[in-house]
Structures are given as C-alpha cells and as structure tokens.
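Peer 1: Structure, please.
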Amino acid sequence: MLTGPSSSAPPKEAQLPSVAWYDEIPGSICGPEDGPWPRPFTNLTSSEAWDKLSLASGPQSLAYGTGKEWRADALNFQPFPGAKSQDRYAMQQLRVGDRIWTLTAVFDGHLGDATVQHAAYHVPIIVREFLEDLDKKHGGRAVPPPLIADAFSSAIRAFDDAIANDVLELFPGGLDVAMEMPDQQIHSILNDQYVGGKNFGKARLCMYGTTALVALVDPHHTNLWLANLGDCQGVMVSETAPQVWSYEVLTRVHNGQNNREVERVKREHPGEPDCIIGGRVLGALAPFRCLGDTPFKQPPEFTRRLLYNLFPGSNDTSLWEEFLVRNKTPPYISAMPEVTHFPLDRLQRPLRRYLILFSDGFTDICGQHRRSVIDRWLRTIAAVARDRSDTIPVPPNRALQLLWQGLGGESVSVSKALTLDLDVPWLDDITIVVQSL
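Peer 2: Residues are numbered from 1 along each chain as shown. Have a look, this model is predicted:
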C-alpha cells in the first residue's frame, strides 16, 4: 500500500552530506545573518521523513455528505520546535434546520495566537447563526446565492465588530468615558485574571489579528462561496478528462502587491500619504484586510488608554507609537471580506475536483512553481488511487501529500525542512486544507 512518497528511494540519498545552506530550503525565511552556514540536518529515509512530517503537521480529515462521499483534509505545520504556529484551520459541518452545510477555513494569525484561535472557533458558529436566521426568514425554502453571500459577509463582519465592541462595553459611555478615567481604574477593569479573566480575554483579542479564507458549501453540494480577507489563497483543480486537470486561482491577495487594494486604502484616506508606507498599512501591517488588529481600526486613544493598560502587556510602546502617530482617520484595515460565488454544476461534474486553501507559508515554499507543485501532487494522488486495495478504505491525507510535494517531493529536501539544526525559525507557518467537491 502506497501511503506517502515512493518507498523505492535511490540508495544514494543516505550518502549525501547532511548539511544545508539557507537557500537550499524551500521558502526559507532565514539568511546569511542566521549562520554560520552550512548547518547540519538529519538525513532521513523516505519513510522516516514521511512519518516525521505527519507527526509535525498533525493531519486531520473530515468526511461529509449524505453518504460521507466527500472529504476535507487539513494540517498545520511549523518545523521549528521553539515556535508555536499562529496558523489555524477549521473543518465543520453546520446544521441549519434539517440541512447540513460544510465550512472549511484557513486563518493566518500575526503578533500572537489569541485572535486566530478565537476566529477558528467562533467564525463557524456565527456563520451558522446567520444562516439559521436566513433560513427562518425564507421559511426553509431555497435562498438565492446572492443573499447567502450577503449573510456570509455580514457574519464575518459581525464577528470582527464584536472584538472591539466587547471591550468598549466594559466602559459605559464608550471610549469618551474611558478617556476621563485614571489609568488605575482602567487597569483594574481590564486585568481581572484573578476572578476568571473574562475582561482580560476580551481586551487581549484586540492586540492581535488574523487573515481568513472561509469556504462554504451548500447542503445540495451545488454552490460554493469563498470569503477572503488577507493573503491566504484558494485554488480549484478539476479533472476534465482522465489525468487532464484544469487549474483556477479563486482569490486575490489583499496586500501591497494588489494595486486595487492600495488604491482603495488611499482613496479612503485622502491627504494621508503615510496611510501606506513600503507596501504596509501605516508602515506596519502587510495584509490590508484582517480580523482583529483593533489598533488599526479604532482611534489611537483606544490603544493608548485601554490596551496599554493590559498586564502583562508591552513595556516598550515605541513600535506601537510608530504607526499610531499616523492613525488619523481609522479604520485603515478592512474587515469586509471579498465574497465570491462559484456554482458547482452537478450535470457536468468533473471526474474529480479539489478546492485547496492555504496560508502564505505554502505560497512561500512553492515560490514561482506552485502550479508545478500541484501538478506533481495530482499525479501522486492518482498513483495512490490506483494502488489502493479493497482492504484499505481511507487513502492518505491529501493535504499531507501536497505539503510533501511543496517541500521538494523527495526525502533529502523534506529532511532539510524538518530537521535543520538552527536556533531560529527557518519556515513560516504553513496551513493547508484540501476539500473534494
């Protein structure tokens, strides 16, 4: 049974010198300053590398559909032992009335993991609640796709609005009242860790942020909606004839590489040349659309009067002040997702079809070769499908197979990414969801 890479690896792999240079690792975020180079790594066999990669990325699967005929596979990978991944994913079935929807998502957090963890847990809940309201309004009848797209967008924006509003509600009268309070009083309200920490938990969510790419499939499996905020990406691959695949990028990144996003931010903040500096919002944040990141969405007094009073917080506020002094007409970061609808034609359904969602860490390891990486992966899963026997009911995790190909597709390259002897992270966090449609 073929469960991962080919077991017939060339014998010479074990004889290769077990050292690597920083530019030999796909997607490396380290450089000459992180040396001395080369650095040692453990040269694993193919089976050892596959097992270690599986252990490090924790692949999970969700079978769904009336007869469980569909499947979503996911993983979250960060090889450096001293770094906790700030990526998350979600795979859930949402019961709305007597129907089952399917939600999958990738979240790429930054600055900390509190907000991304909150998003991965609560976004599916609030999407289900908005779908329930829509279902009730239509008496259980079919809802037109544009209305579902609107509800999908509203759910995500409501989730984001609640992050700051939950903190402001702790101060009756809002920020204006909090401005008149002494620091000691604000400190005592927010830092309630000794009595459960509920207020502290709410305020801490404002300190961090996350991008989001959320996919929603209807109960009849005839429609797909994607809601995108930030720089995660979605790709659809469809088998139109045996071993003939089409490839379609479904999303646009929301960062300084997208001229439409740059112009949008400049248009919303006329006369503020510092709204974007070096391709970053206020010179600080790379993604232009996010959940959380409240200091970019509220007046600077929100951060200075409330968030600066969190304990433990940041003793050095100079990095915050670098962009807060430019914060004149918030919000600068948008929580409006770009929602796109894709019909899934049941009459002309391809032989196989996969939706791939991934964080920018996967984009990094692929570089300019993402299409060829996915092509190699498609050939791999086709080979696995042919090798399956009737006694093996579940094929290997497709997200894990895709990660293997992204890291080079052979044991030496994967070994370098897994076992490099370095005291700083050498790869960005990587999250992948592969969903059959």
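
Peer 1: Can you give the contact residues for the helix or strand bottoming out on mean pLDDT in the chain?
Peer 2: Using mean pLDDT, DSSP states H and E, helix 370-387 stands out as the lowest-scoring helix or strand of the chain, at a mean of 82. With contact meaning CB atoms under 8 Å, 6 or more residues apart in numbering, helix 370-387 is reached by 1-3, 235, 237, 243, 245, 247, 356, 363, 366, 395-396, 398, 401-402, 405-406, 409. Any C-beta I mention is one placed from the backbone N, CA and C, and that applies to glycine too.

Peer 1: Could you tell me which of the residues you listed belong to strands?
Peer 2: The members of the contacts of helix 370-387 that map onto strands under DSSP state E are 235, 237, 245, 247, 356.

Peer 1: my guess is the first one contacts Trp245, does it?
Peer 2: Think Val235. No. Using CB atoms under 8 Å, Val235 is not in contact with Trp245, being 11.0 Å away.

Peer 1: I'd like to know which elements the longest strand along the chain is packed against.
Peer 2: What stands out as the longest strand in the chain, according to DSSP E, is strand 99-110. Applying 3 or more CB pairs under 8 Å, 6 or more residues apart in numbering; DSSP states H and E, one finds that strand 99-110 makes contact with strand 70-77, strand 87-96, helix 114-137, strand 209-217, strand 353-358, strand 430-436.

Peer 1: For it, buried residues please.
Peer 2: Under the neighbour-count criterion of 16 or more other CB atoms under 10 Å, strand 99-110 has 101-110 buried.

Peer 1: and the helices and strands packed on strand 99-110 as CSV, adding mean pLDDT?
Peer 2: Formatted as CSV, the helices and strands packed on strand 99-110 follow (pLDDT from 0 to 100):
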stretch, mean pLDDT
strand 70-77, 97
strand 87-96, 97
helix 114-137, 98
strand 209-217, 98
strand 353-358, 97
strand 430-436, 98
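
Peer 1: Make a PyMOL selection of whichever of the ones in strands among the contacts of helix 370-387 turn out to be buried.
Peer 2: Only the buried members of those enter the following PyMOL selection, criterion being 16+ other CB under 10 Å:
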select buried, resi 235+237+245+356
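
Peer 1: Could you pull out the helices in the chain for me?
Peer 2: 46-57, 114-137, 145-168, 175-179, 183-190, 198-204, 259-268, 300-301, 318-324, 360-366, 370-387, 398-406, 411-419 (DSSP state H).

Peer 1: Now Ser415: closest residue in space, sequence neighbours ignored.
Peer 2: Spatial nearest neighbour of Ser415, excluding adjacent residues (CB to CB, 6 or more residues apart in numbering): Leu44 at 4.5 Å.

Peer 1: typo on my end, Glu129
Peer 2: Ala155 (7.3 Å).

Peer 1: As CSV, the helices of the chain with distance to His221 and mean neighbour count would be great.
Peer 2: Formatted as CSV, those follow (distance: least, CB to CB, whole Å; neighbours: other CB atoms under 10 Å):
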stretch, distance to His221, mean neighbour count
helix 46-57, 28, 19
helix 114-137, 16, 19
helix 145-168, 14, 19
helix 175-179, 46, 15
helix 183-190, 46, 15
helix 198-204, 38, 18
helix 259-268, 32, 14
helix 300-301, 47, 16
helix 318-324, 44, 14
helix 360-366, 26, 22
helix 370-387, 20, 16
helix 398-406, 18, 27
helix 411-419, 35, 24
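
Peer 1: Any idea which of those helices has the lowest pLDDT on average?
Peer 2: Averaged per stretch, pLDDT over the helices of the chain is lowest on helix 370-387, reaching a mean of 82.

Peer 1: the inter-axis angle of that one versus helix 398-406?
Peer 2: Put simply, helix 370-387 runs at 130 degrees to helix 398-406, going by axes from the mean of the first three to the mean of the last three CA atoms, to 10 degrees.

Peer 1: Report the distance from helix 370-387 to the chain centre.
Peer 2: How far helix 370-387 lies from its chain's middle: 23 Å, per CA atoms, centre = their mean, to the nearest Å.

Peer 1: Over to stretch 291-304?
Peer 2: The answer for stretch 291-304 is 22 Å, by CA atoms, centre = their mean.

Peer 1: do the same with stretch 328-346
Peer 2: From the chain centre to the centre of stretch 328-346 is a distance of 15 Å (CA atoms, centre = their mean).

Peer 1: Name the residues of that stretch that come out as buried.
Peer 2: 330-335, 337-339, 342, 344.

Peer 1: same check, this time on stretch 418-432
Peer 2: 418-420, 422, 425-432.

Peer 1: From Asp429, how far off is Ile365?
Peer 2: 11 Å (CB to CB, to the nearest Å).

Peer 1: show me what contacts the residue most central in space within the chain?
Peer 2: Among the residues of the chain, the smallest C-alpha distance to the mean C-alpha position (CA atoms, centre = their mean) belongs to Phe107, namely 2.5 Å. Going by CB under 8 Å, 6+ apart, Phe107 touches 87-90, 116, 119-120, 123, 210-213, 232, 291, 359, 431.
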